Structures are given as structure tokens and as C-alpha cells.
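# I would like the atomic coordinates for the input below:
(chains A and B)
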Amino acid sequence: MSKLLRLSVSPHIHSGRSTSAIMRDVIIALLPATIAGTIIFGWRSLLVLATCVLSCVLFEALFNLIAKKDQTVSDLSAALTGLLLGLNLPANLPLWQCVFGCAFAILLVKCIFGGIGCNLVNPAITARVFMLIAFSSLTKQAFPVIVDTASTATPLAQMADTEAAMPALSDLFLGTTGGAIGETCALALLIGFVYLLVRRVITWHIPVTFVASVFILSFFFEGFDAVRALAAILSGGLLIAAIFMATDYVTSPATAWGKVIFGVGAGIFTVLIRYYGVYPEGVSFGILIMNILTPYIEKWTAHKVFGGTKA
Amino acid sequence: MSFLSGIRVPHRKNTEGQTATRITEVPSVSIPMQMHIGAPAKPIVKVGDLVKVGTPIAEAGGFVSAPIHASVSGKVVKIADMMTSGGSTVPAVTIESDGEMTPDENLAPPVVNSREELIEAIKQSGIVGLGGAGFPTHVKFNVDPARIEELIINGAECEPYITCDSLAMTSRVDDIETALRALQTHLGIKKIIVGIEANKKAAIASMKELAARIDGMEIKVLPSIYPQGGEKVLVYHTTKKVIPNGKLPIDVGCIVSNCTTIAAIGAYLKTGMPLVEKCITVDGGAVSKPQNVIVPIGTSLEQVFSFCGGFSSEPEKVLYGGPMMGVAVPALDVPVMKQTNAILALTAKEARLPKTTACIRCGSCTNVCPFGLAPASILLAYKKKDVELLEELAVTSCMECGCCSFVCPANRPLVQTNKLSKILIKEEKAKEAKKHE
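Next comes the predicted model:
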């Protein structure tokens, strides 16, 4: 018998796609928002982001070490959670609160449920909701350092007060308004969206249906005022959440119709909470609710098996 | 027209447009008695017998089986068990070539004047499904002619590297024409559809020319999306008919046959020379001179590779067939068989598979599955050995095309688990049946 060769079951080639490559693409897609946030809110943004990324990676590494699990930080998902959470926090947040939020996201939401792929809800979103409730400082948003802003409230708070002047749409688009580091600059977020679509990391379904349903509902709530409805989708954390957080594979449906239901559902809850809730922003809650419903949505929208299931 | 999903695979058709070289100088051939689906053939020669090219050396071992013929002239030197790539053992007849390649003088074109004579001729030719499956062709065509609505010719050739089917469609037009006319005359086939992927321009042109001469024949150009050549996929894309899970194409009025199989039928009808040689694609990064070659069945892979200039680098994996569904062989001493359409020697780089990590529920596996199965869920059900859930997830309908594993960013063993799940279901059913006895 001649030299033995390697044996394995087909297929013998692979697309080359990997979890870390996907995570890296999402991180790249967040770079425009990171840069814009740093320009708008100053150098302390970078401090917040670095703290979040480092602590998320560190917490996951430590957990794996203590729990004697395979090290998973190289898949970049912990770094991505840190970056996303950081971009959803105001630049002036005390750093110890950032670390606390990261511990919550990584340890309580992700690791103890079994690590990547096993969490029921999105770590960054859940940590943000937790911090919103736990720390009052989160509701005191930071304001841009590059413009001489006269306003004292975030766009959403401004809009809630119907007497106040509307924020200019151009400010909302460029992000020169109050808010979290990465959420204000719509332009940067849209560049990231296009990148993710081109790289086929995500599909359009969730972001488009999410934002469209918020627009349509806001249009009704704002007395059929298209400009105010447009302001509604450009303010708050809607775009960053719809593009980067609602599309998290683990906690959103895999099927196209499932994604549509998820997007529309998140949009409805967002608007209801915005207009009737205690908190000015409903995006995180909207996604959280849909995260919990995801297994059911997937079941309802499962692909029909070609040729039927009966053998 | 809606299409089933699938994937874009790298084509790597390096041998496209080349003609095939015939290899005749083979010192010996080892012909396994199982080169088809069904019962193994029974050897009818003994050690020491002299045979010529085309001499029958084994008869069909059952209804679903096929006879086998000598592929070289010379002496039978050994009849012994050989290990198949699947790990089982099967007898093989080894013939030492006298170097003459003398054809058997008893061979003559078959006299075909009826349906029965045509089926019998196909049976005597030893032809089986040459696309890879190896289902005995005479069994496939032996159905009530009234049930046949369409004959679908599979010219999709969707696996990377392989080009021998395209070559058959451009260089064996006469053989294909002879076979189609005989099938039309004696089986009453009204409609013939050839399904070819859009990237095979020469094959499309050549078949279109033929279609102009044959009534009821048409060419369907299909997107170059793997697995276009999967039987159920091809039937759906050419006729819009859905074959139910567990059923055959004939249940929806279709017979699907590979274009090379059809050409082989034509060649037999014209010359009476049974299936003794095979045109295969020899390719892969480790091969010095990738090319299509026509080799006597039973030639060892080692011989074929050395004819193609040997290896330019150490092969990591050697396959029968394409990289998506092909079977890895343990060593180079295994033979080219009837249903072999390619032998590939992949370098370590080509055959490199990423590390398996945790499922991130991206849904790629279910979104690329042509049949809409949910491989990630099947894997979980298999781990729990939940047979009921596996059946509910319709894993039995999986054609094992491997799209799910190909795209999985965590490189999870998805199609591999589907295969295991099918075996598990079979075993459980056998156990149940035993209990009831």
C-alpha cells in the first residue's frame, strides 16, 4: 500500500468565512461612527471606548480562564460588544460605570449562558438598559464640544416638549447634537450600514423595516408632520441600534420574514415607549423585547422544506 | 422563475476547453465488482483466464446491478477482496495487460428494434449513472413508458474543477444523438431537456445545435449556482416540478440522466463496445499537468497521476469527484471506476478547513440550503439523539450537497451530521421493526 492520505467527509473546501472575520467587519463598519463621535464629543470619547473594549475582552478572558473553557477572545465578539456598548454611552460617563456595564454585558448576559452564540439577549443592549436604570448619569447626555450648542436637552427630549424648537435636520444628520458617542452622527452610521451590506454581513431587512416602522408611526404621532418624523428616526439611538445591534445574529431571526417581523416589532415598541414610557428612548427596550421573542419568530417563519417533510 | 438557493463556489475549471488524451499503456487494472448502486456483480472469470477489451468478466448480481467488462486485453492474475473508499470490502478482478488493447472479436453493435431490446442492450453495456451516483441505467429506463413525460439530461456540472461532462457535450455529440434517437423511438420520449450551467458556453452552443436537429429537445441555461446538478434541484429548475421527500424523479414523470451516461449509451449502440473506459478530469493544485484523460476502468489513481506528470507538490488529500461531494481516498492504489468523473489531488492549502467554533446562529446554513433545511437545528437534535425531532426537521431529504458546511463561519460539521442523522434514523427504524417481530 502506498503512502496514506488525509481522509475526511466532504465538503473538502470552505468559503473561508469565519466568525472573527464577521466580527472584524462589524468593527470596521463602526469606525466611521467612532471617528465622528471622537470629533464631536472630544478625546474623552476615546477613553470611554478604550475602557469598554478592554474591560469586555478582559472579563471574557478571565471568565474562560476561571471556568476552564477554551479561550474565545480572538473571535473579536467581546471587543465588538465593548465597542458597541461604549458607542452607546455618553462621553462624560465615569469610567468605573463603564467597567461595571461591561461586566454586566459579558459576564451576566453572555458568559454564564454559555458564551458566544448562547446568549438570549444582546449583551450591549441589555447592559445599556441596565445602566440606564442603575446610573442616573446616563440620562444626562454629553454635548458636542465642536459646536457652540445652545440647547440643553437631547433631540428626543426637545421633541417631547412640543413648545421647544426642533433640532435642525442637518445637525441630526451630521451628529452635532447631544447624545451617546456613536449614536448621533447618522452619516457615519449609514456609511457603516453600506459597508455591512456590501460585505454581506447583514441584510437590509431588520434595519430598513425597523427604521421605516418608526418613521411611519412617528408620522402619525407627530400629527402627519414628515419633517418631525424624519427627525424622530435621526435622533436617539435608533440608527446605531437598528444597524448594529438589532442585526446581531445570535439574538435576531435568521429567516428573511423573521427579520421583517423583528424589525417592525422593534419599531412599534420603540415608538410606544418613546411616546408613552418614562424613558425618552425606547430603542433598547424595543430590541430587548424582540430578542426575547426571537426563538418564536424563528419557529413561525421557518423555511418550508422543499419536497415536504414527510418521508 | 424562482430558484432554489445554493452557493457560488470557486469554479477552478482549469481543464476547460481542452481535449482528452487517451491512456492505453496501463500495466494492469483492478476492477472492483461494485461500481454501481445495488448488488455487487459476480465474477465469471477465474485466475489465468485470457480476456480482451470488452470481454464480460462479471455478471449482474441482482435486478439492481450491472455486468462488468475487461478494460484491457491480457490475463486475469488475481481475484481478491479490495477495500472501497467507503471502508467496506468488495472483490476485484485484476488483469495484467498484454499491452495490445485487443478488442473482443465477439463484440458487435446490438440489434435494437423494441423497447425491451433497448433496455437489454443498455443492461449488457454495463452502463451505470456516470455522474457519480452509479445507479444502473437499464433499471432507471425500465419503467412504464407512459409514465415518462420528460427526459432531463444533466449537463449542469456544478462541482468545481470537473470539465469532463462539458467535454462530452462538445466532443460526443454524435453519440448523444444516437442515444437520444433510440430513446425517443423505443421509449416514446416526447420531451428532452438538457440543463446546463450558464458558464459552459461551448457545451450550450453544441447542444443547441443538436436540439435543432432533434424534435422535442430543448436546452435550459441555468445560473451557475451550486448544486445546480443535484437531481431534485435540476428537475425543479427545468420543469418546475417538485419531487416529494422520499420519492424519485419518475414519480413526477421525469427521468434524469447525466450527459456522459447518454453519450455512453450512444457509443454502445453504435459499436457494441461496452463501458470499459472513462473520461475523467485530473486536477487539483498538486497535479503537475491538469487535464482530461480517457483511461481504462480499473487503472490505479497512481498511474493516472503519473501520466499527468506526477505531483508538483505533496498532495494532502486525493478525491474521487469534486471537492463539494467527492470522496477522499486513503491511498493512491485505488482504481478509476465507472462512476468516477474526476480525481483531484489537493494541496494542504486547498484542503485546509478552518477550526470548528461555536455556532453564532447567523442562519447561513439554512439560508443557503436548497431544500430549506435547518442544519444547525439538526446538529442539536442529533447531539440529543432525538430521532423524532430529526424526522420532523426532514433530514432524510438532505442530498448532502455540503453548502451548509461550506458557508458556516464556525465551520461546524453540518452536512456531516446530516449524514450521521440519516444513519441514526435508519438504525432506529430497524430496531423498531425488530421489536415488533
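# assign residue 281 to helix, strand or coil.
No chain in the question, so chain A it is. coil (DSSP: H, G, I helix; E, B strand; the rest coil).
# actually chain B
B:T281 - assigned by three-state DSSP - is strand.
# contact partners of the strand or helix carrying B:V415?
Using DSSP states H and E, B:V415 sits in helix B:414-436. The contact list for helix B:414-436 (Cβ atoms under 8 Å, 6 or more residues apart in numbering or on different chains) reads A:9-11, B:365, B:373, B:375-376, B:378-379, B:381-382, B:385, B:387, B:390-391, B:395-396, B:398, B:400-405, B:408. (Glycine included, C-beta is placed from N, CA and C.)
# quick one: which of those residues sit in strands?
Among the contacts of helix B:414-436, no residue falls in strands (DSSP state E).
# list the contacts for the residue positioned nearest the centre of chain A?
In chain A, the residue lying closest to the centroid (Cα atoms, centre = their mean) is A:M245, at 2.4 Å. If you count contacts by Cβ under 8 Å, 6+ apart, A:M245 has them with A:84, A:122, A:124-125, A:287.
# ok, now with 10 Å
Neighbouring residues of A:M245 by Cβ atoms under 10 Å, 6 or more residues apart in numbering or on different chains: A:81, A:84-85, A:87-88, A:122-125, A:128, A:206, A:237, A:251-252, A:266, A:283-284, A:287-288, A:291.
# neighbours around B:K426, how many?
11 (other Cβ atoms under 10 Å in any protein chain shown).
# just to revisit the earlier point, mind listing what's buried along the helix holding B:V415?
Across helix B:414-436, burial judged by 16 or more other Cβ atoms under 10 Å in any protein chain shown covers B:414-418, B:420-422, B:424-425.
# before we move on, what about stretch A:203-211?
A:205-211.
# can you put these in JSON lines and add pLDDT?
Below are the buried residues of stretch A:203-211 laid out as JSON lines (pLDDT from 0 to 100):
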{"residue": "A:H205", "pLDDT": "97"}
{"residue": "A:I206", "pLDDT": "98"}
{"residue": "A:P207", "pLDDT": "98"}
{"residue": "A:V208", "pLDDT": "98"}
{"residue": "A:T209", "pLDDT": "98"}
{"residue": "A:F210", "pLDDT": "98"}
{"residue": "A:V211", "pLDDT": "97"}
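# any idea how far chain B is from the residue nearest to the centre of chain A?
15 Å (Cβ to the nearest Cβ, to the nearest Å).
# mind checking pLDDT for that residue?
Looking at A:M245, its pLDDT stands at 96.
# one step back: and the contacts of helix B:414-436, which of them are in helices?
B:365, B:375-376, B:378-379, B:381-382, B:387, B:390-391, B:403-405 (DSSP state H).
# and of the residues you listed, the nearest to B:I162?
B:C403 (17.1 Å; Cβ to Cβ).
# you'd agree that closest one is up against A:I13?
No. Between B:C403 and A:I13 there is no contact under Cβ atoms under 10 Å: 11.7 Å.
# neighbour-wise, which of these two wins?
Each of B:C403 and A:I13 has its neighbours counted (other Cβ under 10 Å); B:C403 has more, 30 against 23.
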